[in-house]
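*Asks:* the sequence isn't on hand, but the structure is:
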């Protein structure tokens with residue numbers, strides 16, 4: 001396959017998305033043909049040497065997809081791959097996949113927020129599928145609903161094999177790590193639905209089932225805490241990295257997607273403003289109820305204004321729920337301040353939070 005950009009510069013390129021060293025494109029197939037999705041991996045500097053005698057990410061992704069398919073699972077397998085090298089050093093590689101006319105599991109879960117029975121049925125089916133994957137030794141390191149599609153017939157389809165591995169037997173302890181990663185996703189899924197998912201995954205009922213779920217959760221929770229602590233560190237590191245998420249103009253940092261949004265401006269002084277900026281990024285990464293970052297400008301930080309509303313439930317109850325969500329991941333170094341919105345209550349002074 002030739003250089004993808006030459007094809008993708010034309011009018012058929014409908015969507016583009018960048019993510020670090022990866023870029024995604026979607027092309028209309030035309031004449032009744034399915035659309036094509038192209039993932040491009042680019043390399044620079046010392047990273048090019050890593051693949052001197054190794055297959056590119058695109059080739060590896062196709063190989064892993066074939067192996068997973070051979071174990072009886074539906075996959076979005078690349079139909080073509082290519083790479084460009086200079087004197088043996090890899091510069092970029094790309095993989096092409098056909099549109100499967102399937103829905104993103106994440107989108108389905110979010111769309112079913114108001115339909116409890118539909119969402120529960122989908123979660124239970126996914127729980128059984130996840131158990132089958134883990135028992136078959138499929139180790140998808142990025143175990144998240146956005147890496148699974150659902151066909152019209154209800155079958156699940158695996159996508160994105162960049163970080164996937166195949167083990168010789170069941171995942172065993174690795175399965176708890178996978179479930180911990182899944183637990184950090186929200187999608188409006190309640191605690192009872194998460195317990196139902198775990199019950200279906202384990203496949204046991206009654207008193208023995210309850211004991212098994214307790215034992216499983218005692219293994220999942222420490223992994224969950226470890227992963228969230230890592231997420232917080234990564235969010236802090238990313239809070240001052242210019243790229244597709246953040247724009248920089250001198251000493252002014254702005255979240256690109258929120259430029260021009262209505263904000264709440266806090267005058268804090270340089271050090272406290274930077275701390276507030278970082279904590280707001282960390283709280284957002286952790287999915288915790290707090291005001292979201294928009295702009296950092298010297299000693300002032302601007303946070304996204306979610307509006308205000310009179311609480312529908314007792315204020316103490318709403319604040320208690322917010323505290324219950326936040327406290328497992330850190331502590332407060334100053335009294336927390338709260339802002340009531342139509343969706344509940346959020347932390348209004350992120351700088352008061354210190355992550356674990």
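*Replies:* Yep, that arrived. Here the structure is a predicted model, which is why all the values come from computation and not from measurement.
*Asks:* how about the helices in the stretch 251-356 of the chain?
*Replies:* Taking DSSP state H, counting those that start in this stretch to define them, one finds helices in the stretch 251-356 of the chain at 270-285, 315-326.
*Asks:* for residue 23, which non-adjacent residue is closest in space?
*Replies:* Spatial nearest neighbour of residue 23, chain neighbours left out: residue 40 (4.5 Å); criterion: Cβ to Cβ, 6 or more residues apart in numbering. Using the backbone N, CA and C atoms, a C-beta is placed for each residue, glycine as well.
*Asks:* ok, residue 88 next?
*Replies:* Closest to residue 88 by Cβ to Cβ, 6+ apart is residue 52, at 5.7 Å.
*Asks:* isn't there a strand covering residue 154?
*Replies:* No - residue state for residue 154 (DSSP: H, G, I helix; E, B strand; the rest coil) corresponds to coil; a strand is not indicated.
*Asks:* got a list of what it touches?
*Replies:* Residues in contact with residue 154, defined by Cβ atoms under 8 Å, 6 or more residues apart in numbering, are residue 125.
*Asks:* OK, contacts around residue 334?
*Replies:* 349, 351-352.
*Asks:* between those, which sits nearest residue 47?
*Replies:* For these, the minimum distance to residue 47 (Cβ to Cβ) is 35.9 Å, reached by residue 351.
*Asks:* once you drop chain neighbours, what's closest to the closest one?
*Replies:* Nearest non-adjacent residue to residue 351 (Cβ to Cβ, 6+ apart): residue 276, at 3.9 Å.
*Asks:* residue 36 and residue 145: what is the separation?
*Replies:* 23 Å (Cβ to Cβ, to the nearest Å).
*Asks:* same check on residue 27?
*Replies:* 25 Å.
*Asks:* in the protein, which strand is the longest?
*Replies:* strand 89-98 (DSSP state E).
*Asks:* gap between it and the chain center?
*Replies:* On the basis of Cα atoms, centre = their mean, to the nearest Å, strand 89-98 sits 23 Å off its chain's mean C-alpha point.
*Asks:* cool, stretch 146-153 as well?
*Replies:* Computed by Cα atoms, centre = their mean, the chain-centroid distance of stretch 146-153 equals 16 Å.
*Asks:* can you give me the strands in the stretch 151-300 of the chain?
*Replies:* Taking DSSP state E, counting those that start in this stretch to define them, one finds strands in the stretch 151-300 of the chain at 156-158, 164-166, 246-249, 252-255, 263-267, 293-297, 300-304.
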